[in-house]
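Trainee: Curious how this folds, go ahead:
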Amino acid sequence: MPKRQHAAMPAILGAAGAGGDFNVHAARELGRHSQAGRLVFAAIYAAISLLVLPWPVALAWVSVIFVWETGSTPLLDWAVDTLSNQAAIDVYAVINVVGSSLFYGLALMSLATGSPIGIAIGATWLGGSFMNQFIYFGENRKLLWCCLGPGIGAAIIGPLLAHGLSVEALVTSALLLTGLVAARSFSNDHQMLLQRLTDRQSALAEVEGKLALAVEASGDGLFEVDFVGRRAQVSPAWASMLGYAADEIAYADLADLIHPEDRPAVREEYGAHFGGGTAHTTSEQRMRCKDGGYKWVLARARLVSRTPDGKPWRLIGTTIDISQRKALEHQLEAARDVAEQANQAKSAFVANMSHEIRTPLNGVIGIAGALARTPLTCAQREMVDLVQSSAQILERLLSDILDQSKLESGAFELQGGAFDLRQSVEAAGELLRSGAEEKGLGFHIAYAPAADGMFEGDAVRLRQIVANLASNAIKFTETGEVRITVDACEAETQGGPQNGATTVTIAVSDTGIGFDAAAGERLFGRFVQADGSISRRFGGTGLGLAISRALAELMGGTLTAQSQPGAGSIFSLQLPLRRSTAQYRALAGEVAENEAPEASVGFEGLRVLLAEDHPTNQRVVQLILGPLGVDLTIVGDGREAISAFRQDRFDIVLMDMQMPLVDGLAATREIRRWEAEAGLAATPIAMLTANAMDAHRAMAAAAGADHHIAKPITPQSLLLGILTTLSTDRGVVAEAPSLLAAAG
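Mentor: As a prediction, the model looks like this:
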């Protein structure tokens, strides 16, 4: 772009360009389009010139202009069509010299009159002509001079003809020629503006091209909907996605292509967007293909304009074919359903196997316990002890498998309540003290003063974790000691991270074989031991630590381990527990100071109804309760239990859950219904069953049972279950220690 010059006329004219790139073909087309305008302006100015020129002169001039415009066009067409571009430019220059001279004739004649109107007509004609010449022919110096020359001559000669060689004539000519400067300045601004517009259009075209390429490469389809004009446009990719051609899609087709089941959701999505609730729409929908089938597509759209009254006008969006993704999702959903069904089948299998295993195991443990209370030789006592310990290991393994199954299915529920922390830890530890003493290990339990008191939580699961950790410590320690330490740290402020709970830390340390860091990372996995030799040497399933950590996390705590090979291990359980001020009474027989203990009641003469279909289990209960003087009535199913209950009175009912004819749940419900109709007090009922899962306990409670005694049973667990069921009788509770001691 040449720089703008204001200093002198030669500089102005010289900046017009050398004429190397002028397109005469384009100039001809522009001339054709502007020909009518030139003739109209010529006629208008001819009419205005009648104010200063005789009408024959004005008529003659406009007639010559019309003849020239129509006569020169064929000559210019011939030059452009037959000659080279440079030769055509030369012919075009000659034609413009003649044409410009004719057009500037009116300005010359008007200026020659010397009148104000004549000068005004000449000045406006010359100014407009100069501007047009710079705009149309500024690219070619030759053409520009040929067009400007006659005008410059008219600007000089006209005033001289009117005023002669005078200052007035020179000043008038100079003022007229300043129009060249203004015309050149306007031409430069015009060209700069055109260049900017061209650059912007080029940039916009480039962006549009890149966007089109990007959309085409992504496989997305574009669509635009005009709700006012009821028109729709889709890109070829959009149409081909459904097997159509772009011109086969009409406005009405878009909504009809959506699957009928998906239309309500799509309408809701668009309604929210049109109402201003969302920035854009995103919907997964099925759309009908040309072959009649359906494809899943992801459609995103945005409203880009509204009508003046706020109604939706233009919507632009894209679609993506997600059929493969949807097919994969359906496969995953089907696989998930199969997995859930398999998991449910596994849970049902585990529950059934638990029941089937617990039934014979109940016989083993119960009879072994009853046998242990009889006079035995040393060899017989050793054999009974082996049977009891093996049965206890089997029961623990069965419980671990059940716990793991419940944890995996998400059906595990904690049972909260107030408990004494010291008593719970001691109960767990004392069960294992004899095992440690048999191996010659020291076994110590230490409490920090802050750990004393009552807490809220699941004491049973807490004891289970401590027992697991202590059992492992004893198992993997050959010499030295096992130590359990209990400490507590009060919350600094109420409403803190644990809502004011006390952090209880229970650490179980040993001087055993230990393990390295790599083994520690996998130690809490299911069925995992530190290494293969551990399982061969010490046995075990590897479920204990996995269950313990899962229980700790369910209670909001953590279970971690620190160890070195040959230097022992420390397992730390941290639990957030709230302190409890609730008063409690242990089965050991504590009674509030303001309550006088009533007369003790023993098992002698206690009337018990046992509903049990398995002969072995019947015999186990008989062997445990018989020596205590219990009056025991045994029936084989729920129907017989109902009949016996109606005919006689009992102090407690022990009801199996699974029995023929009428099961234990139905029998319990019928007993409760009969008691209510007869206006009798509710008789304590305990479910004595191998169905030990939480769901079974809930079903028993819903049927009206007061307690749940899980098989396999020991003499202690059966008697403790009976005492718990009868716990509303303070006499039985007060007598609990002596009764359990007597049961031995």
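
Trainee: drop to CA atoms for contacts and neighbour counts, all remaining ones
Mentor: Fine.

Trainee: which element follows whichever strand or helix holds residue 667 toward the C-terminus?
Mentor: Assessed by DSSP states H and E, residue 667 sits inside helix 664-678. Using DSSP H and E, the helix or strand that follows helix 664-678 in sequence is strand 685-689.

Trainee: burial count for residue 199?
Mentor: Number of residues near residue 199 (other C-alpha atoms under 10 Å) recorded here: 12.

Trainee: and it, what pLDDT?
Mentor: Residue 199 carries a pLDDT value of 78.

Trainee: can you check the one 3 residues further on too?
Mentor: At residue 202 the predicted local confidence, pLDDT, stands at 78.

Trainee: What is the one helix or strand residue 103 maps to packed up against?
Mentor: Element membership of residue 103 [criterion: DSSP H and E] is helix 85-112. With contacts defined as 3 or more C-alpha pairs under 8 Å, 6 or more residues apart in numbering; DSSP states H and E, helix 85-112 has these neighbours: helix 24-48, helix 55-82, helix 116-137, helix 141-163.

Trainee: Show me the one of the ones you listed that comes nearest residue 695.
Mentor: helix 24-48 (91.7 Å; C-alpha to C-alpha).

Trainee: Would you indicate which residues of that closest one are buried?
Mentor: Across helix 24-48, burial judged by 16 or more other C-alpha atoms under 10 Å covers 24-25, 28, 38, 42-43, 45-46.

Trainee: Run through who's touching it.
Mentor: Outside helix 24-48, the residues within contact range by C-alpha atoms under 8 Å, 6 or more residues apart in numbering are 58-59, 61-62, 65-66, 69, 76-77, 80, 85, 88-89, 92, 106, 121, 136.

Trainee: Format the helices and strands packed on helix 85-112 as TSV; extra columns: distance to residue 705.
Mentor: Listed next are these as TSV, based on distance: least, C-alpha to C-alpha, whole Å:
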stretch	distance to residue 705
helix 24-48	104
helix 55-82	112
helix 116-137	105
helix 141-163	114
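
Trainee: wait, which of those is closest to residue 517?
Mentor: Comparing the helices and strands packed on helix 85-112 by C-alpha to C-alpha, helix 24-48 comes nearest, at 84.9 Å.

Trainee: quick one: that closest one to helix 85-112, angle?
Mentor: Here helix 24-48 runs at an angle of 10 degrees relative to helix 85-112 (axes from the mean of the first three to the mean of the last three C-alpha atoms, to 10 degrees).

Trainee: is it true that residue 450 lies in a helix?
Mentor: Yes: under DSSP: H, G, I helix; E, B strand; the rest coil, residue 450 sits within a helix.

Trainee: pLDDT score for it?
Mentor: 82.

Trainee: Mark which of the contacts of helix 24-48 are buried, thanks.
Mentor: Among the contacts of helix 24-48, those buried by neighbour count (16+ other C-alpha under 10 Å) are 58-59, 61-62, 65, 69, 76-77, 80, 85, 88-89, 92, 106, 121, 136.

Trainee: Make a markdown table out of the helices and strands packed on helix 85-112 and add distance to residue 611 and mean pLDDT.
Mentor: Converted to a markdown table, these look like this (distance: least, C-alpha to C-alpha, whole Å; pLDDT from 0 to 100):
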| stretch | distance to residue 611 | mean pLDDT |
| --- | --- | --- |
| helix 24-48 | 112 | 78 |
| helix 55-82 | 119 | 81 |
| helix 116-137 | 114 | 78 |
| helix 141-163 | 122 | 80 |
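
Trainee: Quick one: low-confidence residue ranges for the stretch 301-450 of the chain.
Mentor: Along the stretch 301-450 of the chain, the model assigns pLDDT under 70 to residues 343-344, 346-359, 362, 388-389, 391-393, 395-415.

Trainee: Which parts of it are helices?
Mentor: 323-372, 378-409, 421-438 (DSSP state H, counting those that start in this stretch).

Trainee: Likewise for the stretch 501-650 of the chain?
Mentor: 517-522, 532-538, 544-554, 615-625, 638-647.

Trainee: now for the helix or strand following the last one, which elements pack on it?
Mentor: The element immediately downstream of helix 638-647 (helix or strand, assigned by DSSP H and E) is strand 652-655. Applying 3+ C-alpha pairs under 8 Å, 6+ apart, we find strand 652-655 packed against strand 607-611, strand 685-689.

Trainee: And the average pLDDT for strand 652-655 is what?
Mentor: 92.

Trainee: roughly how far out does that strand sit from the chain middle?
Mentor: 52 Å (C-alpha atoms, centre = their mean, to the nearest Å).

Trainee: What pairs with that strand, parallel or antiparallel?
Mentor: strand 607-611 (parallel), strand 685-689 (parallel) (DSSP bridges).

Trainee: Distance of the closest residue in space to residue 103 that isn't next to it in sequence relative to residue 221?
Mentor: Once flanking residues are discounted, residue 103 sits nearest to residue 65: 7.0 Å by C-alpha to C-alpha, 6 or more residues apart in numbering. Distance of residue 65 to residue 221, given as C-alpha to C-alpha, to the nearest Å: 58 Å.

Trainee: Ok, residue 317 next?
Mentor: Counting by C-alpha to C-alpha - residue 317 and residue 221 are separated by 8 Å.

Trainee: now residue 685
Mentor: 71 Å.

Trainee: between those two, which one's more packed in?
Mentor: Shown here are residue 685 and residue 221; by other C-alpha under 10 Å, residue 685 has more neighbours (25 against 21).

Trainee: give me every residue that touches that one.
Mentor: Taking C-alpha under 8 Å, 6+ apart, we find residue 685 in contact with 652-655, 668, 704-707, 725.

Trainee: returning to that earlier point: how close does the residue nearest to residue 103 get to residue 59?
Mentor: Distance from residue 65 to residue 59, counting by C-alpha to C-alpha: 10 Å.
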